[in-house]
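Trainee: have a look at this fold, sequence not included:
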């Protein structure tokens, strides 16, 4: 990866403005690592292109992108939060390459299989548009993780299809999968990515204002914009209420099912079973653990233990 030049504010006024914006925040603000916020920010071309260029370095310049659509892509999480199947977070192309960027906040055992499914879904989408096998474009599935998916402390894990019998012989299918680890300390990176990792791990307060990169500045600008947007906040709250309603409906059904073994015990069993079912279903859909915890009316730590059980 190439090393991008650090972002320097053009004036004391711009630096002061960023400080004022940071101070103006409150603990109810939705952060970039929230899946709903992340997908919203990534719908802005400037933010999306800047992130891609930071990931791939100076040699990978992008003039423009277009957000691709196919039956399983870019489904709004609000339309059906309990939906099963493939839902790509941010799916787009630059005319030569197709990308899917996924924000992953919780460690799951089937992450590799999920990456395989997403990559296959992108291939099918290209074929559905009438492209022949020979014209299928290069594809990247990129997981932006706030944990270390392979416990090797690397900042970036890159995978491609290689021959197991002949060393160094690639299959040449032009299909790649990347995992970016915000907790990693090893490997080559650049200022933009390093400060993005710090931003994801600790928010804007973890980064000195005078040294913030251009990427973080762009992303944080959109995060602040949507947090101050009443319509966006209403949509976000609508999501939380929908999740809570789903949980309440399931809890009622579970309590009725357990009635035959005693009302009190039945309610308890019904609540526990439905809480577990709902939490795991929402996790499969990429819903942030904080939102799941609120929907289940339990703490984040209890939710994490439930998902790992």
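Mentor: Thanks, I have the structure now. This is a predicted model, so every value here is computed, not measured.
Trainee: residue 164 sits in which helix or strand?
Mentor: Using DSSP states H and E, residue 164 sits within no helix or strand.
Trainee: okay, it: pLDDT?
Mentor: pLDDT, residue 164: 94.
Trainee: surely residue 38 touches residue 104?
Mentor: No: applying C-beta atoms under 8 Å as the test, residue 38 and residue 104 come out as separate, 10.3 Å apart. Just so you know, the C-beta spots here come from the backbone N, C-alpha and C atoms, and that holds for glycine as well.
Trainee: between these two, who's got more neighbours?
Mentor: Shown here are residue 38 and residue 104; by other C-beta atoms under 10 Å, residue 38 has more neighbours (26 against 21).
Trainee: output the contacting helices and strands for the helix or strand the more buried one falls within.
Mentor: Here residue 38 sits within helix 35-41, counting by DSSP H and E. For helix 35-41, the packing partners by 3 or more C-beta pairs under 8 Å, 6 or more residues apart in numbering; DSSP states H and E come out as strand 97-104, helix 214-227, helix 230-257.
Trainee: could I get the ones you listed as TSV with distance to residue 164?
Mentor: Below are the helices and strands packed on helix 35-41 laid out as TSV (distance: least, C-beta to C-beta, whole Å):
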stretch	distance to residue 164
strand 97-104	26
helix 214-227	37
helix 230-257	44
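Trainee: most tightly packed of the ones you listed?
Mentor: strand 97-104 (a mean of 22; mean count of other C-beta atoms under 10 Å).
Trainee: quick check: the gap between residue 232 and residue 28.
Mentor: 13 Å (C-beta to C-beta, to the nearest Å).
Trainee: correction: residue 193
Mentor: 28 Å.
Trainee: what does residue 119 give?
Mentor: Distance from residue 119 to residue 28, by C-beta to C-beta: 37 Å.
Trainee: tell me the buried residues in the one helix or strand residue 121 maps to?
Mentor: Assigned by DSSP H and E, residue 121 belongs to helix 111-128. The neighbour-count check on helix 111-128 (16 or more other C-beta atoms under 10 Å) flags 111, 114-115, 117-119, 121-123, 125-126 as buried.
Trainee: for the nearest residue to residue 43 once chain neighbours are set aside, list each beta-bridge partner.
Mentor: Once flanking residues are discounted, residue 43 sits nearest to residue 67: 7.1 Å by C-beta to C-beta, 6 or more residues apart in numbering. Here residue 67 sits in beta bridges with residue 92, going by DSSP bridges.
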